[in-house]
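A.B. asks: pasting a predicted model and its sequence here:
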Amino acid sequence: MEAMIILILISLTVAIGFLIAFLRSAGSGQFEDMISPAVRMLGDDTPQPPAQTETNHQ
Amino acid sequence: MASTFLSPPISTREPSVVDINQKSKPIKAKVPTCHHCHDRCIDEVITVGEYHFCCNGCLAVYNLISAHDLCDYYDIDHTRSRASLRLGRVDTAQYAVLDKAEVALGLGLMSRGEEASIRLVCPAITCASCLFLLDNLSKFNPAILSSRADFADKSVTIWFRPDGIQLSEVAGILAKLGYPPLLQPPTADSQGQTDRTASRALLKRLGLAGFCTSNIMMLSFPAYLGLDQLLLRQLQPVFTVLSVLLSIMVVSYSAWPYYTKTWLNMRHGQLSVDFPIALAITTLLFRSLVEVGFQTGTGYFDSLSGLIFLLLIGQWMQTRYYEGLSFGHQLDQFLPFTCQVVSGKDDYSAPITRLVSTLKLGELVLIRIGETLPADLKVISAQGAMIDNAYITGESDAILVQEGEEVWAGAKLVAGSLIGRVDKLPQQSYLAQLWKRANQSSDGKQHSTPLAEAFVRWFVLITLGIALLSAAYWLSTDTGLAISAFTSVLMVACPCALTLAMPFASGQAVSLLASKGLYLKNGQVFEWLAQLNQIVFDKTGTLTDMGQTDGISWYNQAGIKSDVPALVRSLISLASTANNHPALLAACKYLRCCGQGQDPAALKQIHLLHIQQLVGQGLVVSTDHGLFRIGGMEFCGGVWQGQLETPADGSVVVVAQEETILGYFLFRQPLRPGLLMMMKQLASAFALSVSTGDSAAGASVLGPIQRLIPSLSVLFNQKPEDKWIYIKKLMEAGNTVLMVGDGLNDGPAMRTATIALAVTQGGHQFNPAADALVSDKALVNLPSYLSFAKSTLKMVTVSFWLSLVYNAIGLSMAVSGHLSPMVAAFFMPLSSLSVVALAVILTRWQAKRLLSTINDYSTTPTN
């Protein structure tokens, strides 16, 4: 039965990892604008001329 | 203006009652839809290739967009009306002040090395296409590095190279595309900030509760299924420890607000819905801990966390109201951001642009036509200045100001120009006082609805009563059973109808109403909407329509209503290009709407030589066809053969050529179409009153309504304070009042009323006091909205009863003292969910029954 307990503990640990990820993303406001990212994703990719800007400002 | 004469004439005018929020559905196939803004081309049609445009502005934006290869813009969102994108006059010169370092910093410009970034608010953002376009600003100028639009905030953040493009040019690009940025400092919007933190915290609590619930359920599953006893006995202690840990996490983090709120309300001697919840949670936790501690059972940890999870979902639903509109706003946003400071009384030549926030008492400010006054001013020099106080006092006519008069911040200069000495700073101005009053009186607003209050009071009393009775019953026989029965009752009695059914039903109703043109701030407003008994209307802009041209007509020399002669048409068109007098603009719009003035052949060729505006009298226009006068009767002189009947509710503008009078325009503020029918319907269910800033004579337009509804009470000469006192009296008499108004002059009254409904013209107008917004064209649907709210609340009451039935079943099990954890774990969430489902289904049914008529209703021209 130790196997069972270890498995449960592992599953809990993994789940807690996701929970922490969720709490962090909720805290940083990722769920506030639910519209723009969804819309943005559907647009066609147009090559961004100055590639360096993306890295500098995000 | 020139384009007017080039475009083909259209003879029919459309009925103006169209729900702007409907997906564009051509009502008459004849009227094409603008390719750019998706609005119907009413005034004029410009056809380029296969596309139609409603105005030159839209065509210009189309050309700009297609020149930069961004026509995807038109493929993303075909349907939604973007009427707010229609350009007025694009005046990019106003952005020149942005190039001053202090102004830019005031707007929140951030510089880092060779790059700078700024966040600009563009209220015109309405759809997915807007996001696409604003994300691609870098295509318009290589010095714009990247841009990112935010739909929720209606803002766009732009990164650019200051050495390649100036901030004013950036703003200019936005304005040319139809998204003029608001010039306002990034407000330390404390209200928005707390809202944001609160919603983030709620989301985190919800996440944690969901996580714990699913894990506890997983751990309880073996016990439900009655797996191998031996296996269970070995694992159970581990499961129990984990469940206890998870439950404590849920109660101490996710459920904590219920305790703090209960405590706060108890200190004020109130009983809120949080109390029975906190009680149930506490009982569940303690009983479970005791059972586990004495090893008499497995506890109710699954029910406990499931309950909290469900409750939090209900709470979260409550915050999900329609997000596309902004309700709360700052005073600064109504005042201009910059102003022109001059050094001397007659010094119109060299004004210095300054931030309004740096104005000092006694400084001289130059106000030009179209500008809003930044502070209370004492006029020291006025050149034909007319100001429109509609926003502050509700008077509909622009008034002429003389030297020495005092004028208020927030008023708009509609003609001429003036220099004024700063008498009171923006923050001490009359407008600011009104604003403060508006916000103060909101604090007195009740925050919970009577239905909820009554429910909670009875619920708590009955639950506690049953718990005590069952405990007393068992006490003589079995103390253990008595405690068990007492706690079981408290555990199972869940006010889920109130905490879940109501938020879901009203959330549903809010979004349904939004799709029909009425935007509510939140679900609570909806609950109040169902309980109204008194409606107070403001007149100007609410009952009457300032934008309507129905009210303008031309009378010829004989005083007979007729078509406008070609000479006058040409004259008006010509003069309006040179002068922005409001009467001229209105006449010009009238000509365009009637299709008169569309046909170039019918126009007389006249040439403007000189135009002069005489203060308070009218215009003198000299042309190659002689001297014309446009203005009042006395001003134009001449002998009048016909009868000039000046109706009390209208004003007259006479046009004269030399000494001969050609005729006159009669301007009248008409009632909104369909309004009489609306008032008649409302009168059967509500007490109605109209409160107006105008005098009895000026408001004779209300006559038909008064004749139709004898019980209508009309109050004249009402200042903002009077309106406020009137509403306050009604409220104190125990009425539930809906105030329908438009300007800030209604602010205090609207804040005091139970619900404030603001009527907006055009896409994006804000009102700080409003609980609900309705577009001017959808106002006539008010009876439908109200009856929908009423019947929906009845439906919610039905689901209240269902939840009572569930509670009765649960209680009958609980009073016996035998509530098995498994039954509790299934019964509690199942009952809650079915109550919610019932409420939502019934709400949708009501919407189908009552709101589906709105489309037909609003598109048939009434009266």
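C.D. replies: Done, it's in.
A.B. asks: for the stretch 351-500 of chain B, which segments count as strands?
C.D. replies: With DSSP state E, counting those that start in this stretch, the ranges of strands along the stretch 351-500 of chain B come out as B:352-355, B:364-367, B:376-388, B:399-400, B:406-407, B:412-424.
A.B. asks: okay if I get the ones you listed as a markdown table plus mean neighbour count, distance to A:Ala38 and mean pLDDT?
C.D. replies: Any C-beta I mention is one placed from the backbone N, CA and C, and that applies to glycine too. Listed next are these as a markdown table, based on neighbours: other CB atoms under 10 Å in any protein chain shown; distance: least, CB to CB, whole Å; pLDDT from 0 to 100:
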| stretch | mean neighbour count | distance to A:Ala38 | mean pLDDT |
| --- | --- | --- | --- |
| strand B:352-355 | 16 | 38 | 74 |
| strand B:364-367 | 22 | 45 | 84 |
| strand B:376-388 | 21 | 42 | 80 |
| strand B:399-400 | 16 | 50 | 74 |
| strand B:406-407 | 20 | 48 | 82 |
| strand B:412-424 | 21 | 39 | 80 |
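A.B. asks: remind me, longest helix of chain A?
C.D. replies: helix A:2-27 (DSSP state H).
A.B. asks: okay, buried residues for that helix please.
C.D. replies: A:Ile8, A:Leu12, A:Leu19, A:Phe22, A:Leu23, A:Ala26 (16 or more other CB atoms under 10 Å in any protein chain shown).
A.B. asks: pLDDT score for the last one?
C.D. replies: What the model reports for A:Ala26 is a pLDDT of 88.
A.B. asks: what sits against it?
C.D. replies: Going by CB atoms under 8 Å, 6 or more residues apart in numbering or on different chains, A:Ala26 touches B:Arg200, B:Leu203, B:Lys204, B:Gly207.
A.B. asks: which of those residues sits closest to B:Gly384?
C.D. replies: B:Arg200 (53.6 Å; CB to CB).
A.B. asks: if I look at the closest one, how far off is A:Gly29?
C.D. replies: 7 Å (CB to CB, to the nearest Å).
A.B. asks: these two - which one has more neighbours?
C.D. replies: Between B:Arg200 and A:Gly29, B:Arg200 has the larger neighbour count (other CB atoms under 10 Å in any protein chain shown), namely 18 against 14.
A.B. asks: do I have it right that that one meets A:Gln30?
C.D. replies: No - judged on CB atoms under 8 Å, B:Arg200 makes no contact with A:Gln30 at a distance of 9.7 Å.
A.B. asks: from B:Leu307, how far out is B:Val840?
C.D. replies: Taking CB to CB, one finds B:Val840 at 20 Å from B:Leu307.
A.B. asks: out of those two, which sits in the busier spot?
C.D. replies: Using other CB under 10 Å as the criterion, B:Val840 and B:Leu307 rank with B:Leu307 on top: 27 against 18.
A.B. asks: contacts (any at all) between chain A and the host helix or strand of the more buried one?
C.D. replies: Using DSSP states H and E, B:Leu307 falls within helix B:301-319. No - Helix B:301-319 is not in contact with chain A by CB under 8 Å from any CB of the partner chain; minimum separation 10.7 Å.
A.B. asks: quick check: neighbours of the next helix-or-strand element following that helix in the sheet, parallel or antiparallel?
C.D. replies: Sequence-wise, the next helix or strand downstream of helix B:301-319 (DSSP H and E) is strand B:338-342. Paired neighbours of strand B:338-342 in the sheet (DSSP bridges): strand B:352-355 (antiparallel), strand B:364-367 (antiparallel).
A.B. asks: which segments of chain B make up each domain?
C.D. replies: For chain B, automatic domain parsing gives the domain ranges B:2-85, B:92-186, B:335-430, B:495-546+B:673-691+B:700-844+B:858-863, B:553-668.
A.B. asks: columns distance to A:Pro37 on top of those, output as a markdown table?
C.D. replies: Putting these into a markdown table (distance: least, CB to CB, whole Å) gives the following:
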| stretch | distance to A:Pro37 |
| --- | --- |
| domain B:2-85 | 15 |
| domain B:92-186 | 9 |
| domain B:335-430 | 31 |
| domain B:495-546+B:673-691+B:700-844+B:858-863 | 21 |
| domain B:553-668 | 42 |
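A.B. asks: point out where chain A drops to low pLDDT.
C.D. replies: A:1, A:42-58 (pLDDT under 70).
A.B. asks: let's go with 50 and repeat that
C.D. replies: A:48-58 (pLDDT under 50).
A.B. asks: ok, now the stretch 151-300 of chain B?
C.D. replies: B:188, B:190.
A.B. asks: what parts of it come near chain A?
C.D. replies: Checking the stretch 151-300 of chain B against chain A by CB under 8 Å from any CB, the hits are B:151-153, B:159, B:196, B:199-200, B:203-204, B:207-208, B:211, B:215, B:219, B:231, B:234-235, B:238, B:242.
A.B. asks: any idea of the mean pLDDT in stretch B:729-742?
C.D. replies: Per-residue scores along stretch B:729-742 average to 81.
A.B. asks: show me what it is in contact with.
C.D. replies: Outside stretch B:729-742, the residues touching it (CB under 8 Å, 6+ apart) are B:528-529, B:531-538, B:540-542, B:686-687, B:727, B:746, B:749-750, B:752-761, B:767, B:779, B:782.
A.B. asks: B:Trp801: how many residues sit nearby?
C.D. replies: Residues near B:Trp801, counting by other CB under 10 Å: 12.
A.B. asks: okay, and it sits in which element?
C.D. replies: Going by DSSP H and E, B:Trp801 is part of helix B:782-815.
A.B. asks: output the contacting helices and strands for that helix.
C.D. replies: helix B:450-475, helix B:479-492, helix B:502-515, helix B:523-529, helix B:675-683, helix B:821-850 (3 or more CB pairs under 8 Å, 6 or more residues apart in numbering or on different chains; DSSP states H and E).
A.B. asks: follow-up on the earlier one: weakest of the domains of chain B in terms of mean pLDDT?
C.D. replies: domain B:2-85 (a mean of 58).
A.B. asks: hang on, B:Cys71 in a strand?
C.D. replies: No - counting by DSSP: H, G, I helix; E, B strand; the rest coil, B:Cys71 is not found in a strand; it is coil.
A.B. asks: any idea which element the residue nearest to it when sequence neighbours are not counted lies in?
C.D. replies: Leaving aside its chain neighbours, B:Cys71 sits nearest to B:Ile65 (6.4 Å; criterion: CB to CB, 6 or more residues apart in numbering or on different chains). Secondary structure from DSSP H and E places B:Ile65 in helix B:56-67.
A.B. asks: spit out the contact partners of B:Ser834.
C.D. replies: So B:Ser834 contacts B:Leu802, B:Tyr806 (CB under 8 Å, 6+ apart).
A.B. asks: any idea how far it lies from chain A?
C.D. replies: Distance, B:Ser834 to chain A, using CB to the nearest CB, to the nearest Å: 28 Å.
A.B. asks: B:Ser168 too?
C.D. replies: 22 Å.
A.B. asks: also B:Ser470?
C.D. replies: With CB to the nearest CB as the criterion, B:Ser470 and chain A are 38 Å apart.
A.B. asks: one more: B:Phe486?
C.D. replies: Distance from B:Phe486 to chain A, by CB to the nearest CB: 34 Å.
A.B. asks: kindly report the same for B:Ile535.
C.D. replies: Relative to chain A, and taking CB to the nearest CB, B:Ile535 is found at 34 Å.
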